[in-house]
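Novice: Need coordinates for the following:
(4 chains)
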Number of protein chains: 2
Amino acid sequence: MLKISKLTDYATVILSLMAKNNGRVCAAMELATATGISLPTVSKILKALVNAKVLISTRGAKGGYLLAAAPDKITVATIISALEGPIAVTECSISQQGCEQAAGCNISGHWNVINRAIYNALESVTLADMIKPQETLIPIASLYRIENHNVSQ
Amino acid sequence: MLKISKLTDYATVILSLMAKNNGRVCAAMELATATGISLPTVSKILKALVNAKVLISTRGAKGGYLLAAAPDKITVATIISALEGPIAVTECSISQQGCEQAAGCNISGHWNVINRAIYNALESVTLADMIKPQETLIPIASLYRIENHNVSQ
DNA sequence: TCATTGGGGACTATTTTAGTCCTATTTAAT
DNA sequence: ATTAAATAGGACTAAAATAGTCCCCAATGA
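Specialist: Numbers count the residues shown, from 1 in each chain, chains lettered A, B, ... in the order given. Model (predicted):
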């Protein structure tokens, strides 16, 4: 189904919430309560986001997390890679030397094109877009630019 | 990592091979030998492709499998959905009523935009593209049309 | 000094995916 | 008819990835 992980999905929920709390430091506990996701899980996600420099953390009492950039500078692609590693549909697209499939797999170039297209799509939507009311999002029409190519069924 | 499953990857290898054998009926055994993938696994994949109408099968002696359409009419999107079900990055994008996440998840519309963009990318590459030598594939430049939108890093 | 809060990592449980195997059905050839 | 060669369908097991929890350490403000 080509789906993102549950944790990544949670991450978007958490980050959306933080974006709405514009600039306020949020403790993990607070975010857990607000989202209904358990504290250990929220913590795990927040740690990953700090490592990926999506969030900045402050330790100690009154500590917490803060967005490292404005919501319109944080893309969905960044969030996904923070939690799942590099975005690539196939194993071999990453390792660059895997794919020892006997049967002449010289397909990899094509997967790279696909990867690139998917990456661009994910890079085109930001946290800021995500917290906008739904009506305003049809305008992101550039995303549809790639169609009319082999629209068979 | 947002990756396709191994079986889907195998499927593209198998289908590429069949596309090259233009119009010849192939038995599962033959494809297993040619690709180095085990027979039970190849069979499983072929069955899924028949169900998805990507292949046509003939039973009995001298039976086997045949592409149900010309290679340029079979898209990567079709192959992926044959093996993994509908293409959607999030669970809720499919069920249309999941996502009972307390914290006001009205993000789904945005995922739909992303899903659509990804689907279009996958729909734009066909089996015929895949069996072309790699050089000829840079021209599929329309795929890159969606960039320049939030190209941060 | 102590309560609060994050950091890092180990660990377990769960779910998904991959892979195998068995039995039935179909069909060509003899 | 009988047999051999194929696919169909589904049950089952094994392996891997994901999700989720927990513990102990480090930092910081009151």
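Novice: Now the element after the helix or strand of chain A with the lowest mean pLDDT, going C-ward?
Specialist: Counting by mean pLDDT, DSSP states H and E, chain A has its least confident helix or strand at helix A:91-95, which shows a mean of 58. Note on helix A:91-95: by DSSP states H and E, the next helix or strand toward the C-terminus is helix A:108-123.
Novice: how about the strands in chain A?
Specialist: A:55-58, A:64-67 (DSSP state E).
Novice: and residue A:111, how far is that from chain B?
Specialist: 9 Å (Cβ to the nearest Cβ, to the nearest Å). Every residue, glycine included, has its C-beta placed from N, CA and C.
Novice: is it true that that residue touches residue A:89?
Specialist: Yes - under the criterion of Cβ atoms under 8 Å, residue A:111 makes contact with residue A:89 at 6.0 Å.
Novice: Where does the prediction get shaky in chain A?
Specialist: Applying pLDDT under 70 to chain A flags the ranges A:91-109, A:134-153.
Novice: For it, which segments count as helices?
Specialist: A:6-20, A:28-35, A:39-51, A:76-84, A:91-95, A:108-123, A:127-131 (DSSP state H).
Novice: Nearest approach to residue B:39 belongs to which of those helices?
Specialist: With distances scored as Cβ to Cβ, the stretch of the helices of chain A nearest to residue B:39 is helix A:91-95 (22.7 Å).
Novice: sorry, back to before: identify, out of the strands of chain A, the most deeply packed stretch.
Specialist: strand A:64-67 (a mean of 20; mean count of other Cβ atoms under 10 Å in any protein chain shown).
Novice: now what about that one, what contacts it?
Specialist: Strand A:64-67 has contacts (Cβ atoms under 8 Å, 6 or more residues apart in numbering or on different chains) with A:15, A:18-19, A:23-28, A:30-31, A:46, A:49-50, A:54-58, A:74, A:127.
Novice: how far is it from where the chain is centred?
Specialist: Relative to the centre of its chain, strand A:64-67 is centred 17 Å away, using Cα atoms, centre = their mean, to the nearest Å.
Novice: so, in contact with DNA strand D or not, it?
Specialist: No - judged by Cβ under 7 Å from any atom of the strand, strand A:64-67 and DNA strand D are separated, with a smallest distance of 10.8 Å.
Novice: so how far is residue A:25 from the residue in chain A that DNA strand D sits nearest to?
Specialist: Nearest residue of chain A to DNA strand D: residue A:60, at 2.0 Å (Cβ to the nearest atom of the strand). Computed with Cβ to Cβ, to the nearest Å, the distance linking residue A:60 and residue A:25 is 12 Å.
Novice: near DNA strand C, which residues of chain A show up?
Specialist: A:1, A:26-29, A:43-44, A:46-47, A:50-51, A:57-65.
Novice: you'd agree residue A:13 is up against residue A:34?
Specialist: No - judged on Cβ under 8 Å, residue A:13 makes no contact with residue A:34 at a distance of 9.5 Å.
Novice: the more surrounded of those two?
Specialist: Set side by side, residue A:13 and residue A:34 give different neighbour counts by other Cβ atoms under 10 Å in any protein chain shown, the larger being at residue A:13 (24 against 18).
Novice: quick one on the thing from earlier: more neighbours: residue A:60 and residue A:25, which one.
Specialist: The neighbour count for residue A:60 versus residue A:25, taken as other Cβ under 10 Å, is higher for residue A:25 (15 against 6).
Novice: quick revisit: among the contacts of strand A:64-67, which ones are buried?
Specialist: Buried members of these, scored by 16 or more other Cβ atoms under 10 Å in any protein chain shown, are A:15, A:18-19, A:26-28, A:30-31, A:46, A:49-50, A:54-55, A:74, A:127.
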